[in-house]
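[1] All I have is the shape, not the residue letters:
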């Protein structure tokens, strides 16, 4: 995922980091900075362990030849299925300067490496073959996938009674006994250190109604810079644009699996067997062919500089201010380098997350001009003298004249979790988020009543009168429930939708700080689509809050549950908001609400959730079930179903849902009252 190279450099310097382990592409932006004469932050680092993708030595030469190079580089090869790096070698400066690609070394202790042909025979020196790994590191297999385990974990013919892991990687032995990595046997590829099955991308693209045939490939734009490309042919009488394919992919695939470019062909090239001939697929024009936007030349000095930086980094001749970085072939690691150049060349501090929010270069220039760079630290950057009510409102998808939906934050305090949902809700609806103010703007202890009064003040500033559309997930459901109570008491019509809301009675005691910290990191991990396996007992062994938070943050970053650019002060701020919200929930005693509502629950959610909420409504409560669990219901592919149910519950007709690209509501079932469906008074 995205990270801040300068921030990591600063961490290495201030913390005195001595060992770094990462894929080569992760370190490229860092060594680019470290090679500059005015940087000396890597002087503490003594060991750099690289693995996960081929080491392209050219990328490191400027650093190797600079006065800031002080460490030993080790190139490694290993897989999750074999527990650890299986081969390694220390790289000399002379070798790195002389060779373009670097060998992955010799087998480590208790590891065995065999290079075999397709019949399972040992390959001689210099002959390519598939890597099979044996030894103590080989795991037992894949959980609940016996067929795949049998295919990949095979009997070891050289050590009876033991097994080898069949990697699918190609390699050859050198005369000096070292292993050279050559690529993949099948269509599984590694792009920027992430293992990607091209078949998964192809399966998703085939779901598009206009697509007939699909082929996905990883194209190397430059040494060490691989990008995914999606080739499609279109069904007769249908049309599709690259922008439509990108949007379709983004709604169904993780960001790192979305192709950087799409090529639309009349027909796919076929071989003699009638299969797609991948060797004859055309090269990609990494320029304006990937952008569906009209070219507009830069108008200001900042726009000119941004256009220049985009063109230089992406290797393009013509870039306009309406262009989007990712549509032109950019990816997260290139974005890191671009943001670093923006900071250096324009002398402005600009968070990486803000870059991902900008729709085009013109918007990026506007954000830089207005100082509206925003990330998880949005609220902190607003003046302390600002009206607190203005600090909680986030415009997520605003359409002039459209009815407004207010989505209330979960216990973590921010509304980032609703990003994909807002994008799926379609036209005809404006979406606003309500997020927690900074700890400095509210007392450390506040009640649900006080929080919702503040949010009501905010809502009335953009919508003085009803009807109001209010919804929330997790703790946001509790807050939405209380907002509906206040609005209905004032005589307003409210359509209320609770998305797997928290049961207030089942909360931890706020005095148990290790448990709160553990829950805090689990919340972020779940929202990032990750699982964080850190036993609570490990946290309790640490003496201070600072040590506990630092340890959990380290584990969370390793699991990609926390953004890499989340610094210590920001982490502490987010935890204080989390703790304040938990305490407010702990003291909350809900009472029955006049009117009804819709309750949307995931199929894999906590049992009995509807039984907790049923007695809290005096009128009908309609319940809809969607796929997913408490966290994944907000992620693809389940989020599209959630958007469908939410719009249906708000009273949108089947025709309006179709216009928004959503199917008709699936139909809830009734817990109380007379009518079935999503509407509520």
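    Thanks, I have the structure now. Predicted, not measured: the structure shown is a model, and the values here were computed from it. Numbering: from 1, shown residues only.
[2] CA atoms for contacts and neighbours, from now on please.
    Noted.
[3] show me where the stretch 501-650 of the chain has helices.
    Ranges of helices within the stretch 501-650 of the chain are 513-527, 536-540, 545-558, 568-586, 609-613, 638-649, based on DSSP state H, counting those that start in this stretch.
[4] Let me know which of the ones you listed is tucked in deepest.
    Ranked by mean neighbour count, these are led by helix 638-649 with a mean of 25 (mean count of other CA atoms under 10 Å).
[5] re earlier: what's the closest of the helices of the stretch 501-650 of the chain to residue 261?
    helix 638-649 (24.0 Å; CA to CA).
[6] Ramachandran angles for residue 97?
    Dihedral angles of residue 97 (phi, psi; degrees, to the nearest 10) stand at phi -80, psi -30.
[7] now the closest residue to residue 625 other than its chain neighbours: how far from residue 611?
    Spatial nearest neighbour of residue 625, excluding adjacent residues (CA to CA, 6 or more residues apart in numbering): residue 601 at 5.0 Å. Residue 601 sits 12 Å away from residue 611, going by CA to CA, to the nearest Å.
[8] Worst mean pLDDT across the helices and strands of the chain, which element?
    When each helix and strand of the chain is scored by mean pLDDT, DSSP states H and E, strand 669-672 comes last, with a mean of 31.
[9] Next, the residue of the chain lying at maximal distance from its centre: secondary structure please.
    Within the chain, residue 160 marks the point farthest from the mean C-alpha position, 43.6 Å out by CA atoms, centre = their mean. Counting by DSSP: H, G, I helix; E, B strand; the rest coil, the backbone at residue 160 sits in coil.
[10] Check the one 5 residues further on too.
    Secondary structure for residue 165, judged by three-state DSSP, is strand.
[11] same thing with residue 59?
    Quick answer, by three-state DSSP: residue 59 is helix.
[12] For stretch 147-159, give me every contacting residue.
    Residues from elsewhere that reach stretch 147-159 (CA atoms under 8 Å, 6 or more residues apart in numbering): 134, 141, 142, 161, 162, 163, 164, 165, 166, 167.
[13] picking up where we left off before, identify whichever of the helices of the stretch 501-650 of the chain lies nearest to residue 283.
    Here helix 638-649 is closest among these (CA to CA), at 33.8 Å.
[14] Run the chain-centre distance for that closest one.
    From the chain centre to the centre of helix 638-649 is a distance of 21 Å (CA atoms, centre = their mean, to the nearest Å).
[15] Packing partners of that helix?
    helix 419-424, strand 494-499, strand 597-602, strand 621-626, helix 654-659 (3 or more CA pairs under 8 Å, 6 or more residues apart in numbering; DSSP states H and E).
[16] just the angle between that helix and strand 494-499, please?
    Orientation check (axes from the mean of the first three to the mean of the last three CA atoms, to 10 degrees): helix 638-649 against strand 494-499 gives 160 degrees.
[17] contacting residues for residue 116?
    Neighbouring residues of residue 116 by CA under 8 Å, 6+ apart: 122, 123, 129, 130, 131, 132.
[18] Between the residues you listed, which sits nearest residue 233?
    Using CA to CA, residue 130 comes nearest to residue 233 of these, at 32.8 Å.
[19] Could you give the bridge partners of the closest one?
    For residue 130, the beta-bridge partners under DSSP bridges are residue 116, residue 170.
[20] hang on, isn't it packed against residue 164?
    No: applying CA atoms under 8 Å, one finds residue 130 not in contact with residue 164, separated by 11.9 Å.
[21] so how far is residue 20 from residue 65?
    Between residue 65 and residue 20 the computed distance is 20 Å (CA to CA).
[22] How about residue 570?
    23 Å.
[23] Would you mind measuring the gap between the ends of stretch 414-421?
    14 Å.
[24] what mean pLDDT would you report for it?
    The average pLDDT within stretch 414-421 is 84.
[25] How about that stretch, which residues are buried there?
    Within stretch 414-421, the residues scored as buried using 16 or more other CA atoms under 10 Å are 414, 415, 416, 417, 418, 420, 421.
[26] How far off centre is it?
    With CA atoms, centre = their mean, you get 12 Å for stretch 414-421.
[27] Contacts for that stretch, please.
    251, 376, 396, 407-409, 433-436, 527, 634-635, 639-640, 642-643.
[28] repeat that with 7 Å
    Here stretch 414-421 makes contact (CA atoms under 7 Å, 6 or more residues apart in numbering) with 409, 433, 435, 436, 527, 634, 635, 639, 643.
[29] go on, stretch 448-466?
    Contacts to stretch 448-466, defined as CA under 7 Å, 6+ apart, come from residues 389, 390, 393, 479, 482, 483, 492, 493, 584, 585, 588.
[30] can you map out the helices along the stretch 201-350 of the chain?
    Going by DSSP H, counting those that start in this stretch, the stretch 201-350 of the chain shows helices at 242-250, 301-314, 332-346.
[31] Residue 248: neighbour count?
    Residues lying near residue 248 (other CA atoms under 10 Å) number 16.
[32] Quick one, grab the pLDDT at it.
    Residue 248 is assigned 89 on the pLDDT scale.
[33] do you know how far it is from residue 417?
    Residue 248 is 20 Å from residue 417, by CA to CA.
[34] got it, and residue 60?
    Taking CA to CA, one finds residue 60 at 38 Å from residue 417.
[35] rewinding a little: list just the nearest of the contacts of stretch 147-159 to residue 13.
    Among these, and counting by CA to CA, the member closest to residue 13 is residue 167, at 37.5 Å.
[36] Could you tell me how far the closest one is located from residue 87?
    Remark: distance between residue 167 and residue 87 (CA to CA) = 13 Å.
[37] So for those two, which sits in the more crowded spot?
    Neighbour count, other CA under 10 Å: between residue 167 and residue 87, residue 87 has more, with 23 against 18.
[38] Which residue, other than its chain neighbours, is closest to the more buried one?
    Nearest to residue 87 is residue 107, by CA to CA, 6+ apart, at 4.3 Å.
[39] Does the one you found touch residue 86 like I think?
    Yes: in this structure, residue 107 is within contact of residue 86 by CA atoms under 7 Å, at 5.8 Å.
[40] Comparing the two, which residue is more hemmed in?
    Using other CA under 10 Å as the criterion, residue 107 and residue 86 rank with residue 86 on top: 25 against 21.
[41] Could you say which helix or strand holds the more buried one?
    If you go by DSSP states H and E, residue 86 is part of strand 85-91.
[42] helices or strands next to that strand in the packing?
    Under the contact criterion of 3 or more CA pairs under 7 Å, 6 or more residues apart in numbering; DSSP states H and E, strand 85-91 touches strand 72-78, strand 106-107.
[43] So which of those strands is nearest residue 215?
    Residue 215 sits nearest to strand 72-78 of all the helices and strands packed on strand 85-91, at 28.1 Å, using CA to CA.
[44] That closest one pairs with which strands, parallel or anti?
    strand 47-50 (parallel), strand 85-91 (antiparallel).
[45] Can you name the element that comes right after the first one?
    Think strand 47-50. Following strand 47-50 in sequence order, the next helix or strand is helix 61-64 (DSSP H and E).
[46] Go through that following helix and flag the buried ones.
    Quick answer for helix 61-64 (16+ other CA under 10 Å): 61, 62, 63, 64.
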